[in-house]
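S.K.: okay, here's the prediction I keep looking at, along with the sequence it came from:
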Amino acid sequence: MKKCQKCSVKYVTFHILEVLGDNQYEEFHLCEECAQKYIYESQVKSSAKGTAGSAAEESDDVSGLNQKECPECGLKFVEFRNSGRLGCPHDYEAFREELIPLLENIHGDVKHCGKVPHRFPQTKQTQRELLKLRKQLHQAVTKEAYEEAAQLRDRIRLLEQS
Amino acid sequence: MNLETLTRSSGEWLRGTGPESDIVISTRIRLARNLAAFPFTNRASAHQKGEIEAILRDRISKLDIHPKLIYVNIPGLSPLDRQLLVERQLISRELAAAEGPRGVALGPQETVSLMVNEEDHLRLQVMRSGLALDEAWQDIDKVDDLIEQRVTYAFSEEFGYLTACPTNVGTGMRASVMLHLPALVLTKQIEKVFRALQKINLAVRGLYGEGSRASGDFYQISNQVTLGKSETTILNEIREVIPQIINYERQARAVLVQGNRQALQDKVWRAFGTLRNATIMTSEETMDLLSSVRLGINLGLLEDLSIPTVNELFINTQPAHLQKLMGTELDGEERNAARARYLRTRLREIGAQPN
């Protein structure tokens, strides 16, 4: 059996034929792990392209989209594309448009149906408030405003206990 | 907790009891949860990870669960102890290998494990011997509710429980059933089963999860989709398919026995003979041979040896368990010799004979 061409450790179990264009193909022979990663990453990439308009202006638009950033955690969309991991809960808002085709692809659905935290009605507001306070706290610590930071920390504690 | 005590038992998932336990090894459900106010683990600073751990550790210690969970600080463990927890399926390979503040809260029966600062801030896991999806779900749902009373989870009405990886968003639930399918492997029908499962969006993985080889003919069947279906629907989909796979495996076993009993018996007894007499044994070969022995016991081709004993041999011949039992660290070659010695001694102690 041949070894995987990506990790060259495990045996090949997947043969992928990527159709690039007219009579242009690229072949991959991968182990399960590398194949899953490959498929997942190409889903992330294609969903990014899908929202970026026509193919002609694709490269410019994709790079514009890639620079899109979450205001809460500072994650750029390109970082998500490369790692497959989001940076914070708010990313689902910040990259909502880009994520929806990806979620559709992975799950065949885009709307949650299932358990809801019992306290969700009460915590909806708290979630937003906590995020804001955390950000302010981070800023206060960065500019060494320790008194302000202490006050913010107390408010966060209080909210978290509630 | 003293991790040494773990090596004296084979843990919940290898207890070898529960419904359909000749084929179904264990049932496991895990839930991915995150705190609303923090970045996900991969983007949290060392300081934030410390805070996340402190909050969750505190809340977990106050949970109304009896007997109490024991919190283990992962960075404080030696690499060998971490590996031990991975082999017992109490923590993931990712949690063992990660950096920074992280830990796991364990129930004394090893049925509950709560991982802190894994890919998500909190990964709850419940394990049951045999086929027990309902019981596992009831347990984990309860623990999840208890924790949720004390922390604010990241949740949106639209996308459900928000997770670091979009493949887990929604319910955050992965339910898996571990099956021992030696006859489907022997009769080369296993690929066919996998293809059928993939068509209905169920994933098949090896013993130690993603990317791991299906050693010892152990396979985990789990749901792929986490968004757009309720927990009950997902569990039902798995519940419906498992009896069919069990049925295929039983049919394949019957075919093997009727078709060529002698050849099957020869395979089982050779496996047993090798385990009882070899002087060098890799972990992989041990798994393969024990798989044949396990099949032999279930088909009545081997007596004097019980399934719990075989399960004990499965877990105790894993690298970290073996080194714990020997009381010393061993390199690869030393391990293979120690493993063979351990198997010879144990099998002679039990006095098991082919019948």
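M.R.: Done, it's in. In this text the structure is predicted, and so the values were computed from the model without any measurement.
S.K.: residues near B:Val310, how many?
M.R.: 22 (other Cβ atoms under 10 Å in any protein chain shown). Where you see a C-beta, it was placed from the backbone N, CA and C, and this is true even at glycine.
S.K.: and it, what is it in contact with?
M.R.: By Cβ atoms under 8 Å, 6 or more residues apart in numbering or on different chains, the contact list for B:Val310 reads B:16, B:290, B:293-294, B:297.
S.K.: recalculate using a threshold of 7 Å.
M.R.: Neighbouring residues of B:Val310 by Cβ atoms under 7 Å, 6 or more residues apart in numbering or on different chains: B:290, B:293-294, B:297.
S.K.: strands - which of the residues you listed land there?
M.R.: Residues of those located in strands (DSSP state E): none.
S.K.: what's the closest of those residues to chain A?
M.R.: Set against chain A, the nearest of those by Cβ to the nearest Cβ is B:Leu290 (22.1 Å).
S.K.: how about A:Glu27, secondary structure?
M.R.: State at A:Glu27, reduced to three classes by DSSP: H, G, I helix; E, B strand; the rest coil: strand.
S.K.: the residue lying closest to it once chain neighbours are set aside: helix or strand, and which one exactly?
M.R.: Closest residue to A:Glu27 apart from its sequence neighbours, by Cβ to Cβ, 6 or more residues apart in numbering or on different chains: A:Leu17 at 5.8 Å. Per DSSP states H and E, A:Leu17 falls inside strand A:14-21.
S.K.: B:Tyr219 too?
M.R.: If you go by DSSP H and E, B:Tyr219 is part of strand B:218-223.
S.K.: now that strand, how far from the centre of its chain.
M.R.: 10 Å (Cα atoms, centre = their mean, to the nearest Å).
S.K.: could you list the paired strands of that strand along with their orientation?
M.R.: Strand pairing for strand B:218-223, using DSSP bridges, gives strand B:173-180 (antiparallel), strand B:202-205 (antiparallel).
S.K.: mind listing the strands for chain B?
M.R.: Going by DSSP E, chain B shows strands at B:24-33, B:70-73, B:103-106, B:112-116, B:122-129, B:155-156, B:160-161, B:173-180, B:202-205, B:218-223.
S.K.: quick check: which of the strands paired with strand B:218-223 is buried the most?
M.R.: Greatest average neighbour count among these goes to strand B:173-180 (a mean of 24), per mean count of other Cβ atoms under 10 Å in any protein chain shown.
S.K.: list of residues touching that one?
M.R.: Contact partners of strand B:173-180, identified using Cβ under 7 Å, 6+ apart, comprise B:23-31, B:131, B:133, B:217-223, B:226, B:231, B:234-235, B:238, B:242, B:245, B:294.
S.K.: around chain B, which positions in chain A sit nearby?
M.R.: For chain A, the residues in contact with chain B (Cβ under 7 Å from any Cβ of the partner chain) are A:32-33, A:73, A:75, A:84-89, A:92, A:99, A:102-103, A:106-115, A:117-120, A:123, A:126-127, A:130-131, A:134, A:160.
S.K.: ok, now with 6 Å
M.R.: For chain A, the residues in contact with chain B (Cβ under 6 Å from any Cβ of the partner chain) are A:32-33, A:73, A:85-89, A:92, A:103, A:106-107, A:109, A:112-115, A:117, A:120, A:123, A:126-127, A:130-131, A:134.
S.K.: hang on, B:Ile280 packs against B:Arg335?
M.R.: No. If you go by Cβ atoms under 6 Å, B:Ile280 and B:Arg335 don't touch, sitting 9.9 Å apart.
S.K.: now the residue in chain B that chain A sits nearest to: closest residue in space that isn't a chain neighbour?
M.R.: Closest residue of chain B to chain A, Cβ to the nearest Cβ: B:Gly228 (2.4 Å). Of all residues not flanking B:Gly228 in the chain, A:Asp109 sits nearest, at 2.4 Å (Cβ to Cβ, 6+ apart).
S.K.: tell me what the longest helix anywhere in chain A is packed against?
M.R.: Assignment by DSSP state H gives helix A:120-142 as the longest helix of chain A. Judged by 3 or more Cβ pairs under 6 Å, 6 or more residues apart in numbering or on different chains; DSSP states H and E, helix A:120-142 is in contact with helix A:146-161.
S.K.: count of neighbours near residue 114?
M.R.: No chain specified, so I'll use chain A. 19.
S.K.: was after chain B, sorry
M.R.: If we define neighbours as other Cβ under 10 Å, then B:Leu114 has 27 of them.
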